[in-house]
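> pasting the structure only:
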């Protein structure tokens, strides 16, 4: 089943993904969810059809080109129920995912949709809105997409959504991956298959915002969705950091080269103790001669004869360190100074 | 301790990888103790030590490479900077001028260089130093060559 869902994941074909995905989901969903689903189904059956139709039209006209047939949706009640349940669970999954990404440009859409519909859908809207507000503003196309699907009951979208979720589950099962990977594998099919959707634009806006943005989001953003962003504008930033060109002792270029994570990928060993130099060590240049060593060895040398292993000059004059203008550099500067003061006194 | 071990292990791998890189030096680690090494070095050409193979014993301290390894000749050698009986070597890089950037391999190279360029002003072997300081290069060379032949050349038959 898992293999089925995996193969069907990127393809928005209805028949394959629907049943296994549904089973899986019903197996997985809790009874609380079921309660919500029932309430919502009732509301949908009673009043949702007409209102939602109108709401849908307005929303789709507002947002983007209508990429899916509308009449078909409006008439198939059973399908709607199913898709609604589906969407609900998706949202719940999304909410349960702590790192669920939601995009700030999307949340207005959600609120609009919620306002247009009745209280039952309002519930979902609020939940997804909560997720969007709780998580930060990157790559949130998926959760936004889900809510919209709920409102629209767009079959195709739901199927794509199924694919996404199956993919997500498969990835989670197979890899037991961390949340980053879940959300990323989650995001990708939506982005690819749903190109005409406004949400895609939102996501494509969201990625560049998130990536060079806050430092806390950096690991997430770099691993975001497409691990193989060959064509992306971010690719040149991350790739040169992987190459060896920064492994040579040229601190200035290293600092200019990229984000703080760029230096992670250049483990060159300390020539003294042969341990790999970490971030702070690589930004640490204690001597004019350019001889690099780790802070531990540097400290131990200061405790002994305090001469640079490379040039045998005394370490006392440390002008190069001030050039290291990164946090680590200043930290090591202070460290080295204090140690050398102790040494002197 | 751990740092020295890691460092020595890396040097060991380096030696294994570049075994043929320097044909004059053969550096071997003790089977059971990575802090004990032996080296076989060829006497440099155009010196009285040419043709001889000299054995060195390395004893690596716990704080290596912050402290230099202790090296001595196991093979008898007539050289002003080598103690004739103990094989102790008077070489600045093994004492004050040691740098942690040096390796056992580079120490071997330094010793080969010392064999080619003796420093008679800081002798451990006074006889040898005196010969050189008195300008008796021939006497020094013949003595050194004799000991090379006696101690450092493979015995025939």
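On my side now, so go ahead. Bear in mind that the values here come from a model prediction, so they are computed numbers and not experimental data. Residues are numbered from 1 along each chain as shown, chains lettered A, B, ... in the order given.
> Which per-residue confidence value corresponds to the residue lying closest to residue B:42 once chain neighbours are set aside?
Closest residue to residue B:42 apart from its sequence neighbours, by Cβ to Cβ, 6 or more residues apart in numbering or on different chains: residue B:24 at 4.4 Å. From N, CA and C alone the C-beta is placed, and that goes for glycine too. On the pLDDT scale, residue B:24 is placed at 88.
> for residue B:24, what are its contacts?
B:41, B:42, B:44, B:112 (Cβ atoms under 8 Å, 6 or more residues apart in numbering or on different chains).
> any chance of those in CSV, with secondary structure too?
Converted to CSV, the contacts of residue B:24 look like this (DSSP: H, G, I helix; E, B strand; the rest coil):
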residue, secondary structure
B:41, strand
B:42, strand
B:44, coil
B:112, helix
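> and which of those residues is nearest chain A?
Distance to chain A, by Cβ to the nearest Cβ, is smallest for residue B:112 among these, at 21.0 Å.
> measure the closest one to residue A:46 for me?
97 Å (Cβ to Cβ, to the nearest Å).
> Return the set of buried residues in stretch B:53-70.
B:53, B:54, B:55, B:56, B:57, B:58, B:60, B:64, B:65, B:66, B:68, B:69 (16 or more other Cβ atoms under 10 Å in any protein chain shown).
> Apologies, that question was intended for stretch B:79-89.
The neighbour-count check on stretch B:79-89 (16+ other Cβ under 10 Å) flags B:79, B:80, B:81, B:82, B:83, B:84, B:87, B:88, B:89 as buried.
> Pull up the distance across that stretch, start to finish.
Start and end residues of stretch B:79-89 are separated by 9 Å (Cα to Cα, to the nearest Å).
> ok, and what's touching it?
By Cβ under 8 Å, 6+ apart, the list of residues contacting stretch B:79-89 reads B:49, B:57, B:71-78, B:90-91, B:111, B:114-115, B:118-120, B:122-125, B:127-129, B:132, B:144.
> closest to chain A among the buried residues of stretch B:79-89?
For the buried residues of stretch B:79-89, the nearest to chain A is residue B:89 (19.5 Å; Cβ to the nearest Cβ).
> Just grab the bridge partners of that closest one for me.
Residue B:89 forms beta bridges with residue B:82, as assigned by DSSP bridges.
> That one and residue B:134, how far apart?
Relative to residue B:134, and taking Cβ to Cβ, residue B:89 is found at 23 Å.
> Can you show me the strands along chain B?
For chain B, the strands defined by DSSP state E occupy B:25-29, B:36-42, B:53-59, B:70-73.
> Serialize those strands to JSON lines and add fields for distance to residue A:270.
JSON lines is the format used below for these (distance: least, Cβ to Cβ, whole Å):
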{"stretch": "strand B:25-29", "distance to residue A:270": "21"}
{"stretch": "strand B:36-42", "distance to residue A:270": "21"}
{"stretch": "strand B:53-59", "distance to residue A:270": "22"}
{"stretch": "strand B:70-73", "distance to residue A:270": "23"}
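> Which neighbouring elements make contact with the lowest-mean-pLDDT helix or strand in chain B?
Lowest by mean pLDDT, DSSP states H and E among the helices and strands of chain B is helix B:2-17, with a mean of 86. The contact analysis (3 or more Cβ pairs under 8 Å, 6 or more residues apart in numbering or on different chains; DSSP states H and E) places helix B:2-17 against strand B:25-29, helix B:104-116.
> Kindly recompute the last result at 10 Å.
helix A:295-303, strand B:25-29, strand B:36-42, helix B:104-116 (3 or more Cβ pairs under 10 Å, 6 or more residues apart in numbering or on different chains; DSSP states H and E).
> Same list, the ones you listed, but as TSV with mean neighbour count please.
Listed next are the helices and strands packed on helix B:2-17 as TSV, based on neighbours: other Cβ atoms under 10 Å in any protein chain shown:
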stretch	mean neighbour count
helix A:295-303	19
strand B:25-29	19
strand B:36-42	19
helix B:104-116	19
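> Using a markdown table, lay out those together with distance to residue A:35.
As requested, the helices and strands packed on helix B:2-17 are exported to a markdown table (distance: least, Cβ to Cβ, whole Å):
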| stretch | distance to residue A:35 |
| --- | --- |
| helix A:295-303 | 58 |
| strand B:25-29 | 71 |
| strand B:36-42 | 75 |
| helix B:104-116 | 74 |
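> picking up where we left off before, for the residue nearest to residue B:42, what are phi and psi?
phi -90, psi -10 (degrees, to the nearest 10).
> who in chain B is up against chain A?
Listed as neighbours of chain A in chain B under the rule Cβ under 10 Å from any Cβ of the partner chain: B:2-11, B:13, B:63-67, B:93, B:96-103.
> that older thread, buried stuff in the least confident helix or strand of chain B?
B:3, B:4, B:5, B:7, B:8, B:10, B:11, B:12, B:15.
> Reformat those residues as CSV; add distance to residue B:34.
Below are those laid out as CSV (distance: Cβ to Cβ, whole Å):
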residue, distance to residue B:34
B:3, 13
B:4, 9
B:5, 6
B:7, 10
B:8, 5
B:10, 11
B:11, 9
B:12, 7
B:15, 12
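> and which of these is nearest to residue B:107?
residue B:11 (10.6 Å; Cβ to Cβ).
> Spit out the contact partners of that closest one.
Contact analysis of residue B:11 by Cβ atoms under 10 Å, 6 or more residues apart in numbering or on different chains lists A:274, B:27, B:29, B:34, B:37, B:60, B:64, B:65, B:103, B:104, B:105, B:106.
> Where does pLDDT dip in the chain?
I went with chain A, as the question did not name one. A:1-33, A:44-45, A:47-267, A:316-345 (pLDDT under 70).
> Can you look at chain B instead?
B:1, B:156-157.
> Kindly provide the distance from the residue positioned nearest the centre of it to chain A.
Nearest residue to the geometric centre of chain B (Cα atoms, centre = their mean): residue B:111, 4.3 Å. Applying Cβ to the nearest Cβ, to the nearest Å, the value for residue B:111 to chain A is 19 Å.
> This completes my enquiry, with thanks.
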